[in-house]
Structure formats: C-alpha cells, structure tokens
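Novice: Structure for the following, please:
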Amino acid sequence: MNQLIPLVHDELRRIARRCMAGERAGHSLHASALVNEAYLRLVDLQHVNWQNRAHFLAMSARLMRRILVDVARSKGYQKRGGGAVRVTFDDALAVTDERGEDLVALDDALRTLAGVDERKARVIELRFFGGLTVEETASVLQV
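Specialist: I've put the predicted structure just below:
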C-alpha cells in the first residue's frame, strides 16, 4: 500500500475532485482531505487481493463515496436534532445550498438499484463516481 499510494495519488485526487464536484460550496471536506480519509480506510483493509489498477481505483472511489455519504448522514442527524434542544424555526428564513440530502438520496437509490441489479449499480458507481473508462469498468466487473 505504501508503494502504491504515491503512484496513484494524482488519480485519487482526480476521483476526489469528481466526487466533490456535486457538493455544496464550503463543504467540510476538501478533495485532499477526502483522499486522506480514503487512504486511512484503505490502510485498514486487510487481505485485499488487488487485481489491478482499475480495481484499486474502483475501491477508492467507492470508499470516497461512502465517506461523503457518511458525512451527509451525520449532518442529517445533526439537522434532525442530534440531542439538541427543540426551538421554533421560521421556514421562510431558511437559506441553504447544501447538497448532502441529494447525496443521501442518491446513495439510497443506488442501494435500491443494487437490490434489483447489482451490476448496474456498480457500473454507475465506477463510471460516475470513480471516473473509470468503459474498459476499466469492464475489467473491474470482469465482463
């Protein structure tokens, strides 16, 4: 892993920037922080038989998406109370450009699709979140 990361760091940053493209301005994570968080999770993975570069990048893209979903869900928890005291709020004053709810909804939709057709869900994940080419996606999915 220590030898692999420097070789693919630029590619990981590209994937992170792609994942972050749909996020709101001022998101708590930046592309470099997303790469670092993914790296920490990749280091914790034990006994992974990395098949090739595309497999590694696909797993990295999946981890980055999971990190963003986890952050969005956490913020959703905080928005729904998270142990805070209940106060009156005027909806007319609400102004936000948050996209976390969209990310959570997208994750839910991908999970639903995976229940119907796992391969289609993986194709979407690899192509749109991972930025893999058609050939790289086919290689990861072994088709």
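Novice: any idea of the mean pLDDT for the top helix by length along the chain?
Specialist: Using DSSP state H, we find that the single longest helix of the chain is helix 53-79. For helix 53-79, mean pLDDT rounds to 79.
Novice: Report all helices and strands that it contacts.
Specialist: helix 4-20, helix 31-44, helix 100-116, helix 134-141 (3 or more C-beta pairs under 8 Å, 6 or more residues apart in numbering; DSSP states H and E). For glycine as for every other residue, the C-beta is placed from the backbone atoms N, C-alpha and C.
Novice: quick one, the third one and helix 53-79 angle?
Specialist: Direction vectors for helix 100-116 and helix 53-79, defined by axes from the mean of the first three to the mean of the last three C-alpha atoms, to 10 degrees, enclose an angle of 130 degrees.
Novice: Just want the angle from helix 100-116 to helix 4-20.
Specialist: 110 degrees.
Novice: centroid residue for this protein?
Specialist: A centroid search over the chain (C-alpha atoms, centre = their mean) returns residue 65, at 0.8 Å, as the residue closest to the centre.
Novice: If anything else comes up later, I'll come back, but that's it for now.
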